[in-house]
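# okay, here's the prediction I keep looking at, along with the sequence it came from:
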Amino acid sequence: MTHMGEKLAIFDRQRRPLPGWIARGEDFPPQVYGLCVETWTVNAQGQILVTLRHPQKLLYPKTWECTGGFVLAGESSRAAACRELAEETGLQAGEEELILLGSCMVWGRYFFDTYFLRRDASLADIRLQKGETVAACWLDFPQLIQRIEEGRVAEAIGHRFCLYYHRFVALLAACGAKNR
């Protein structure tokens with residue numbers, strides 16, 4: 001479940017890379033910030049891929065989420081989003097396929113980049129990451145909104161989804177997804 005040994009990229013308040021790294025699990029010192037990514041994957045029917053967090057996760061256990069995680073030292077935001085997608089679902093994507101929905105600061109300690117990806121895959125294609133996720137499903141847009149409203153989506157992830165709601169809807173329309 002934990003990724004001990006991972007070296008996380010670090011940044012200053014203006015999001016400029018700092019030399020060095022922080023070991024995963026260590027506290028970020030003052031004036032040092034991490035960078036996280038998440039990707040909302042949408043198929044041709046306009047359904048959104050979500051995974052169920054492992055029940056033993058420290059934050060938001062047994063809640064639904066999109067793929068995501070920390071950016072590692074020496075890694076770009078887009079490369080991290082592609083790596084996390086592959087680790088958590090087995091799905092492959094190129095960096096050029098990701099569309100940035102937006103960036104924000106979370107908890108005053110992390111920058112967060114949220115991406116949109118158009119990808120078709122069956123649930124049989126999904127390979128869940130042991131210790132991270134225990135289930136996956138495709139939800140239509142109203143189903144996702146309902147789960148967010150019911151608190152069944154990890155709160156911080158649902159919040160960011162709502163933050164980029166209008167951009168997300170516009171991208172759904174632009175890619176021709178059905179059943180919006």
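Arrived safely. In this text the structure is predicted, and so the values were computed from the model without any measurement.
# give me the buried stretch members for the helix or strand hosting Gly69, please.
Assessed by DSSP states H and E, Gly69 sits inside strand 67-70. Neighbour counts over strand 67-70 (16 or more other CB atoms under 10 Å) mark Thr67, Gly68, Gly69, Phe70 as buried. The way it works is simple: take the backbone N, C-alpha and C, and place the C-beta from them, glycine included.
# what sits against the second one?
The contact partners of Gly68, by CB atoms under 8 Å, 6 or more residues apart in numbering, come to Cys36, Val37, Glu38, Thr39, Ala81, Glu84, Glu88, Ile157.
# could you look up the SS state of the third one?
For Glu38, the assignment made with DSSP: H, G, I helix; E, B strand; the rest coil gives strand.
# low-confidence ranges, the chain, go.
By pLDDT under 70, the weakly predicted segments of the chain are 1-4, 177-180.
# grab the nearest non-local neighbour of the residue nearest the centre of the chain.
Central residue of the chain (CA atoms, centre = their mean): Glu38, 1.9 Å from the mean position. Spatial nearest neighbour of Glu38, excluding adjacent residues (CB to CB, 6 or more residues apart in numbering): Gly68 at 3.2 Å.
# how far away is the one you found from Gly74?
Separation of Gly68 from Gly74 (CB to CB, to the nearest Å): 19 Å.
# just Gly20 next, same as before
In this view, Gly20 and Gly74 are 11 Å apart by CB to CB.
# remind me which helix or strand Gly151 belongs to.
Gly151 belongs to no helix or strand when assigned by DSSP H and E.
# number of nearby residues for it?
11 (other CB atoms under 10 Å).
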